[in-house]
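Peer 1: sequence first, predicted model second:
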Amino acid sequence: MPAIKDLLYQGFSVEKAIGEIPKLDIKVGIDLAKKGEVPYKYIYVGHLNCKTSLCSTAEPFYTSGYSLEGDLGTFIVNVGRLLRIGHHETVDLIIPLTTPKVDKFLEIRHKRRFLGFDVEMSRILSLL
């Protein structure tokens, strides 16, 4: 019976295993002004520039006591539609995950802290 001579770990690629680059999908809510507060009914949103930062907190819910952990980058959300004033809309902010980002997430969790994300969006200017 032959024995195993060498065993060499050559790494693991999530992209190869699942067939795509892993990503973080953050739901971003857009609350538009109430009816009667503005003189128009719709607003056209072509895209949003979303500057995204990583935060951590000791509590599992939003709190003012959070620590800024780093910049995740600025990403474009292509909305491309008319949004009705007085309604709530939700868009997806997709952030591709890289090994350094995942390592940072794990580092925060090892410190027994919770992840948080701060998303700063560009202003919307197209009014109808």
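Peer 2: Okay, I see it.

Peer 1: by contact count, what packs against the longest helix along the chain?
Peer 2: Using DSSP state H, we find that the single longest helix of the chain is helix 99-110. Packed against helix 99-110 by the contact rule (3 or more Cβ pairs under 8 Å, 6 or more residues apart in numbering; DSSP states H and E) you find strand 42-57, strand 66-84, strand 114-121. For the C-beta atoms, the positions are set from N, CA and C on the backbone; glycine is no exception.

Peer 1: who wins for proximity to residue 36 among those?
Peer 2: strand 66-84 (13.6 Å; Cβ to Cβ).

Peer 1: what angle separates the next helix or strand after that closest one from strand 66-84?
Peer 2: Later in the chain than strand 66-84, the nearest helix or strand by DSSP states H and E is strand 88-96. If you take axes from the mean of the first three to the mean of the last three Cα atoms, to 10 degrees, strand 88-96 sits at 130 degrees to strand 66-84.

Peer 1: and strand 88-96, which strands flank it?
Peer 2: strand 23-31 (antiparallel) (DSSP bridges).

Peer 1: pLDDT score assigned to the residue lying closest to residue 79 once chain neighbours are set aside?
Peer 2: What sits nearest to residue 79 in space, not counting adjacent residues and going by Cβ to Cβ, 6 or more residues apart in numbering, is residue 45, at 4.1 Å. For residue 45, the model assigns a pLDDT of 85.

Peer 1: count of neighbours near residue 45?
Peer 2: 20 (other Cβ atoms under 10 Å).

Peer 1: try residue 48
Peer 2: Counted with other Cβ under 10 Å, residue 48 comes out at 19.

Peer 1: flag the shaky bits of this structure, pLDDT-wise.
Peer 2: Confidence mapping of the chain against pLDDT under 70 gives the ranges 1-19, 62-64, 123-128.

Peer 1: this completes my enquiry, with thanks.
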